[in-house]
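Asker: Provided below are the primary sequence and the corresponding predicted coordinates.
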Amino acid sequence: MATLLQPEKVLYLVRGEKKIRVPLSQLYFCRYCSELRSLECVSHEVDSHFCPSCLENMPSAEAKLKKNRCANCFDCPCCMHTLSTRATNIPAPLPDDPTKTTMKKAYYLACGFCRWTSRDVGMADKSVASGGWQEPENPHTQRINKLIEYYQQLAQREKLERDRKKLARRRPFMPQAFSEKYGLGTRLQRQRSGAPISALYGLSLKEGEDQKEITIEPAQALDEVEPLPEDYYTRPVNLPEVTTLRQRLLQPDFQPAGASQLHPRHKHLLMKRSLRCRKCEHNLSKPEFNPTSIKFKIQLVAVSYIPEVRIMSIPNLRHMKESQVLLTLTNPVENITHVSLYTCEEEDPDDINSTAKVLVPSKELVLAGKDAAAEYDELAEPQGFQDDPDVVTFRKSNKIGFFIKVIPQREEGDVTVAFKLRHDFRNLAAPIRNTEEVEATSEAIWLTHHVELSLGPLAT
Amino acid sequence: HSDVKIAAGAVVCVESDIRGDVTIGARTVVHPKARIIAEAGPIVIGEGNLIEEQALIINSFPENILPDAEDIEPKTMSIGFNNVFEVGCVSQALKIGDNNVIESKAEVGRSVILSSGCIVGACCAVNTCEVIPENTVIYGSECLRRVQTERPQPQTLQLDFLMKILPNYHHLKKTVKASSTPARS
């Protein structure tokens, strides 16, 4: 029975740039636009960086400098698990008296999952617990850095040239005074694009800036290539020594072919992201800054605003025979919600997946508000709603169970039905009104959602 | 009447389930609720082994042969020394060498022969018909393998600790002196 509670059985339609059908638990609700938003119709922004194993926060500038890697933690190059530091006691000669030996602690890295140790690749044990481990240097770093600098300078120069041309073209169209007036505007524009601020005519300033012209030598093409070793085709492959593609590509600098050259790398940082509605630019989800906290500062998820439909029980479905499916509706808000259901019309463009006809209750369903203290209140008074027993089976605090009638239209395949759910929504986050209106009784607006249920295969 | 021969120095808890012809060497610790079942032949366990709770070491008939069908030679299952059978593992391998570790909930089939220093990772099922080379580590959900440079360390500290502590909380099975024929004139 637990399979009926799986979220993928009930899908809500999101009318964004693309029409997406997603379970309600994966959706967000912008209460300023009063619309459902999915992950594809919001903009994702990076909030903060943190290491997943030591949970240390890192400011974005530092993260960029360290190439988004943690300074303390390492990843196993073999199975990508986190490495832990272990200590052994080794006898070492005392500095004063070479004949006597004392136990000193030596540290090495070990993986708890695949039992890889740093001794496997020949890394010597260190005498400090942390900070002694170095990543191997890439022999081409210097050349790469020089190339990057040269191309950065080239890109800057090209950008200035482009800007100069654009403004030079505009000059005959704009009178002198005009450009003075809008001088600030263009300067601000230039600030945003990151180019250095220079006056419109002060191009000589730019030439003074980059005194050092970076030149690079072009790459040398070699005629002779190192020949393959003689036994390349005949030597049997030592399979444990060959690295897998994944292990190799996790270290793109070296891409070692042998497992004895796999050195551990620093752990990648993870980031917390915040979501923003693309239309109204309000934040939909903003996590807390602290990496150990899972709470949100702003959390506008759809399950806390939209009533949720769940399947409770499905009888045997037979072709062209009417059966009753029991659904539940849960009210997430604290005030009473009125819900009406409508069948989709004949030529509804949203209704592409349904394989069965559905008859929904025609009367309006009333859901009580969510009361957090109700579960502890044993003497709950009856809620006094008049329920039609043919439609509503049970009512429990903010949840009701009701029937819909399903007539499968196809002989084979899964039965899918769709209907429209219309409910009233009170917007508590109304935009700032005139201060004369003191009372914040917000008006109810009616929202309609397209819901699809997948009821599984027909009974044989 | 039971054919369980427990050498002196071994710590075998009463709650463990040992059936059949089983020989247990010295300094071996068998936790409560471990099961050592010798159905289709005797089991010989060496010294210094650590068999944890709910581990199952079973010398059973191969699946497609009925027990009474033909005269089947009873094959002896031999286990070396310094092995570790972690919680919940199932071992049917007929020959296990030394210094191996079979991690929790791992399963080792009957046709596997573990040499020395092998580690069968948690939840890995090894059912092939082969000799696992020395110092092999089998890990991961797909039972990937790699070779490590050194064998796993014998669990001497753990064994010493258990041999001191377990008798405080559990009754132990009686040990039998290994065959010493008394000299009689």
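Answerer: The structure has been received and is ready for your questions. This one's a predicted model, so the numbers in the text were calculated from it and none came from an experiment.
Asker: Can you tell me how far A:Leu167 is from chain B?
Answerer: 61 Å (Cβ to the nearest Cβ, to the nearest Å). Using the backbone N, CA and C atoms, a C-beta is placed for each residue, glycine as well.
Asker: Tell me who's in contact with residue 115.
Answerer: Since you didn't name a chain, this refers to chain A. Contact analysis of A:Arg115 by Cβ atoms under 8 Å, 6 or more residues apart in numbering or on different chains lists B:Ile119, B:Val137, B:Tyr139, B:Gln148, B:Pro152.
Asker: um, chain B though
Answerer: Here B:Ser115 is in contact with B:Gly97, B:Val131, B:Ile132, B:Pro133, B:Glu134 (Cβ under 8 Å, 6+ apart).
Asker: thought A:Phe456 was touching A:Val417?
Answerer: Phe isn't right for residue A:456; it's Gly. No: using Cβ atoms under 8 Å, A:Gly456 is not in contact with A:Val417; the gap is 11.4 Å.
Asker: In terms of neighbours, single out the busier of these two.
Answerer: When A:Gly456 is set against A:Val417 and neighbours are counted by other Cβ atoms under 10 Å in any protein chain shown, the residue ahead is A:Val417, at 26 against 15.
Asker: about what we covered before: which of the contacts of B:Ser115 sit farthest apart?
Answerer: With Cβ to Cβ as the measure, no two of the contacts of B:Ser115 lie farther apart than B:Gly97 and B:Pro133, at 11.0 Å.
Asker: okay, those two: which has more neighbours?
Answerer: Set B:Gly97 next to B:Pro133 and count neighbours by other Cβ under 10 Å: B:Gly97 wins out with 22 against 14.
Asker: So for that one, what's the pLDDT?
Answerer: pLDDT for B:Gly97: 91.
Asker: go on, A:Gln6?
Answerer: For A:Gln6, pLDDT reads 78.
Asker: again with the one 10 residues further on
Answerer: Predicted confidence (pLDDT) at A:Gly16: the value is 80.
Asker: Just give me the neighbour total for the residue nearest to it when sequence neighbours are not counted.
Answerer: In space, and not counting its chain neighbours, A:Gly16 is closest to A:Cys41: 3.3 Å by Cβ to Cβ, 6 or more residues apart in numbering or on different chains. A:Cys41 has 20 neighbouring residues, counting by other Cβ under 10 Å.
Asker: Could you do B:Pro42 as well?
Answerer: A count of neighbours around B:Pro42, defined by other Cβ under 10 Å, yields 17.
Asker: same deal with A:Ala368?
Answerer: 20.
Asker: cool, and A:Ile407?
Answerer: A:Ile407 has 17 neighbouring residues, counting by other Cβ under 10 Å.
Asker: interface residues of the stretch 51-200 of chain A facing chain B?
Answerer: With the criterion set to Cβ under 8 Å from any Cβ of the partner chain, the stretch 51-200 of chain A comes near chain B through A:Cys78, A:Cys79, A:Phe113, A:Cys114, A:Arg115, A:Trp116, A:Thr117, A:Arg119, A:Asp120.
Asker: Narrow these to just the buried residues.
Answerer: Those of these that meet the buried threshold are A:Cys78, A:Cys79, A:Phe113, A:Cys114, A:Arg115, A:Trp116, A:Thr117, A:Asp120, by 16 or more other Cβ atoms under 10 Å in any protein chain shown.
Asker: Hmm, the fourth one is touching A:Cys79, no?
Answerer: So the one you mean is A:Cys114. Yes: counting by Cβ under 8 Å, A:Cys114 does reach A:Cys79; the two are 4.1 Å apart.
Asker: Between those two, which contacts overlap?
Answerer: By Cβ under 8 Å, 6+ apart, the residues touching both A:Cys114 and A:Cys79 are B:Tyr139, B:Gly140, B:Leu144.
Asker: so which of those residues is the most crowded?
Answerer: When neighbours are counted by other Cβ under 10 Å, B:Tyr139 leads these with 24 neighbours.
Asker: Run a quick neighbour tally on residue 4.
Answerer: In the absence of a named chain, chain A is used. Neighbours around A:Leu4, by other Cβ under 10 Å: 15.
Asker: That was the other one, I meant chain B.
Answerer: Close neighbours of B:Val4, defined as other Cβ under 10 Å, add up to 18.
Asker: for it, phi and psi?
Answerer: Geometry field for B:Val4 lists phi and psi as phi -90, psi 120, criterion degrees, to the nearest 10.
Asker: For it, give me its contacts.
Answerer: Counting by Cβ under 8 Å, 6+ apart, B:Val4 has contacts B:Ile18, B:Asp21, B:Val22, B:Thr23, B:Ile24, B:Lys173.
Asker: Can you spell out which residues form a bridge with the fifth one?
Answerer: On the basis of DSSP bridges, B:Ile24 takes part in beta bridges with B:Ile6, B:Ile45.
Asker: Share the number of residues neighbouring the residue of the stretch 251-400 of chain A found nearest chain B, please.
Answerer: Per Cβ to the nearest Cβ, A:Ala259 is where the stretch 251-400 of chain A lies closest to chain B, at 6.8 Å. By the criterion of other Cβ under 10 Å, A:Ala259 has 21 neighbours.
Asker: list the contacts for the closest residue to chain B within the stretch 1-150 of chain A?
Answerer: Taking Cβ to the nearest Cβ, chain B has its nearest neighbour within the stretch 1-150 of chain A at A:Cys114, 4.4 Å off. The contact partners of A:Cys114, by Cβ under 8 Å, 6+ apart, come to A:Cys76, A:Cys78, A:Cys79, A:His81, B:Gly121, B:Val137, B:Tyr139, B:Gly140, B:Leu144, B:Arg146.
Asker: So what pairs up with the nearest residue to the fifth one once chain neighbours are set aside in the strands?
Answerer: Going back to what we said before, that points to B:Gly121. Among residues not flanking B:Gly121 along the chain, B:Tyr139 sits closest, at 3.8 Å (Cβ to Cβ, 6+ apart). Note on B:Tyr139: beta-bridge partners B:Leu144, judged by DSSP bridges.
Asker: surely B:Tyr139 meets A:Cys111?
Answerer: No: using Cβ under 8 Å, B:Tyr139 is not in contact with A:Cys111, being 9.2 Å away.
Asker: Can you check which residues contact both of the two?
Answerer: A:Cys79.
Asker: circling back: out of the buried ones among the residues of the stretch 51-200 of chain A next to chain B, which two sit at the greatest distance?
Answerer: Across those, the longest distance by Cβ to Cβ is 14.1 Å; it joins A:Phe113 and A:Asp120.
Asker: pLDDT below threshold where in the chain?
Answerer: You didn't pick a chain, so chain A it is. A:1-2, A:94-101, A:170-212, A:374-375, A:377-384, A:428-442 (pLDDT under 70).
Asker: wrong chain, I was asking about chain B
Answerer: B:1-2, B:64-71, B:149, B:177-185.
Asker: Surely B:Gly109 is in contact with B:Thr128?
Answerer: Yes: the criterion here is Cβ under 8 Å, and B:Gly109 meets it with B:Thr128 at 7.4 Å.
Asker: neighbour-wise, which of the two wins?
Answerer: Set side by side, B:Gly109 and B:Thr128 show more neighbours around B:Gly109, with 15 against 11, by other Cβ under 10 Å.
Asker: Spatially nearest residue to the more buried one (excluding sequence neighbours)?
Answerer: Leaving out its chain neighbours, the residue that sits closest to B:Gly109 by Cβ to Cβ, 6+ apart is B:Asn127, at 3.8 Å.
Asker: hmm, back to that, return the member of the contacts of B:Val4 nearest to B:Asp160.
Answerer: Distances from B:Asp160 to the contacts of B:Val4, taken by Cβ to Cβ, are shortest for B:Ile24, at 17.6 Å.
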